[in-house]
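Asks: with the sequence up front, the predicted model follows.
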Amino acid sequence: MMTRIQSVDPATAEGRSKQLLDAVEQKLGVVPNIVRLMANSPAILEAYLNFSGVLDTGNLDKKLREQIAIAVANANECNYCLSAHCAIGKMAGLSSDELAAAKEAHSSDEKSAKALHFARKLVDERGWVSDEDLAELRSAGFEDGDVVEIIGVVAINMFTNYFNHVAQTEIDFPLVKATAT
């Protein structure tokens with residue numbers, strides 16, 4: 001399968017796209033394929049990078065954000081994001097068992113499990129969660145700010161999942177395939 005959107009080469013990029021691609025390469029040491037594709041629209045790439053960067057400063061820790069990203073990618077059958085977030089999750093300290101559990105929106109940690117269940121409900125129900133779903137999340141100690149951040153993490157991952165479906169982004173991480181859910 002070949003990508004359906006032209007990749008922007010960081011070496012020949014110009015203007016705002018060049019600045020953003022250079023910043024990504026400086027931060028990560030590489031420019032992932034999804035970023036090269038988003039660089040076709042500097043506005044989209046900048047929005048994605050800003051949204052992602054701001055979520056890094058929130059209350060949810062890196063491991064939980066990666067577990068949510070994995071659960072969302074598996075639910076949406078996005079092998080690019082699933083592969084990327086499993087690699088990033090591993091770097092964040094998630095074990096192989098935790099990565100596998102996250103695919104199914106599970107965790108051995110009760111608080112994380114409730115967040116993953118809620119995130120999966122957001123995907124499955126298109127955001128139409130029940131009062132009981134919110135109460136279950138709050139019973140695990142999540143406050144309104146945390147609920148909002150979980151929604152944000154799901155939203156940015158829905159965006160990247162759909163982006164990769166349309167683009168058919170070439171996977172540049174160790175391949176992890178979605179499982180039927």
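Replies: Okay, I see it.

Asks: C-alpha only now, for contacts and for neighbours.
Replies: Will do.

Asks: what domains does the record give for this structure?
Replies: Structurally, the chain divides into domains by automatic domain parsing as follows: 15-55, 62-167.

Asks: for Leu60, helix, strand, or coil?
Replies: coil (DSSP: H, G, I helix; E, B strand; the rest coil).

Asks: quick check: the gap between it and Asn76.
Replies: According to CA to CA, to the nearest Å, Leu60 and Asn76 sit 22 Å apart.

Asks: Pro42 too?
Replies: In terms of CA to CA, Pro42 sits 26 Å off from Asn76.

Asks: now, of the domains of the chain, which is deepest in the fold?
Replies: Greatest average neighbour count among the domains of the chain goes to domain 62-167 (a mean of 19), per mean count of other CA atoms under 10 Å.

Asks: endpoints of it, how far apart?
Replies: 27 Å.

Asks: under the pLDDT cut-off, which ranges of this structure? List them.
Replies: 1, 181 (pLDDT under 70).

Asks: contact partners of stretch 139-149?
Replies: 55, 58-60, 110-111, 114, 137 (CA atoms under 8 Å, 6 or more residues apart in numbering).

Asks: same thing but at 10 Å, please
Replies: 55, 58-60, 65, 110-115, 118-119, 133-138, 150-155 (CA atoms under 10 Å, 6 or more residues apart in numbering).

Asks: how long is that stretch end to end?
Replies: Start-to-end, stretch 139-149 (CA to CA) is 17 Å.

Asks: same question, stretch 56-67
Replies: 14 Å.

Asks: any idea how far it is from the chain center?
Replies: 11 Å (CA atoms, centre = their mean, to the nearest Å).

Asks: repeat that for stretch 166-173.
Replies: 14 Å.

Asks: cool, and stretch 32-46?
Replies: On CA atoms, centre = their mean, the centre of stretch 32-46 falls 15 Å from that of its chain.

Asks: CA atoms only for that stretch, dumped as PDB, please.
Replies: Taking C-alpha atoms only, stretch 32-46 is exported to PDB below (Å, rounded to 0.1, in the frame of the first residue of the first chain):
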ATOM      1  CA  PRO A  32       8.300  10.400  11.400                       C
ATOM      2  CA  ASN A  33       6.300   9.800   8.200                       C
ATOM      3  CA  ILE A  34       3.100  11.200   9.600                       C
ATOM      4  CA  VAL A  35       4.900  14.500  10.300                       C
ATOM      5  CA  ARG A  36       6.300  14.600   6.800                       C
ATOM      6  CA  LEU A  37       2.700  14.200   5.400                       C
ATOM      7  CA  MET A  38       1.200  16.800   7.800                       C
ATOM      8  CA  ALA A  39       3.900  19.200   6.600                       C
ATOM      9  CA  ASN A  40       1.800  19.700   3.400                       C
ATOM     10  CA  SER A  41      -0.200  22.100   5.600                       C
ATOM     11  CA  PRO A  42       1.900  24.000   8.000                       C
ATOM     12  CA  ALA A  43      -1.300  25.000   9.900                       C
ATOM     13  CA  ILE A  44      -2.200  21.300  10.500                       C
ATOM     14  CA  LEU A  45       1.400  20.300  11.500                       C
ATOM     15  CA  GLU A  46       1.700  23.300  13.800                       C
END
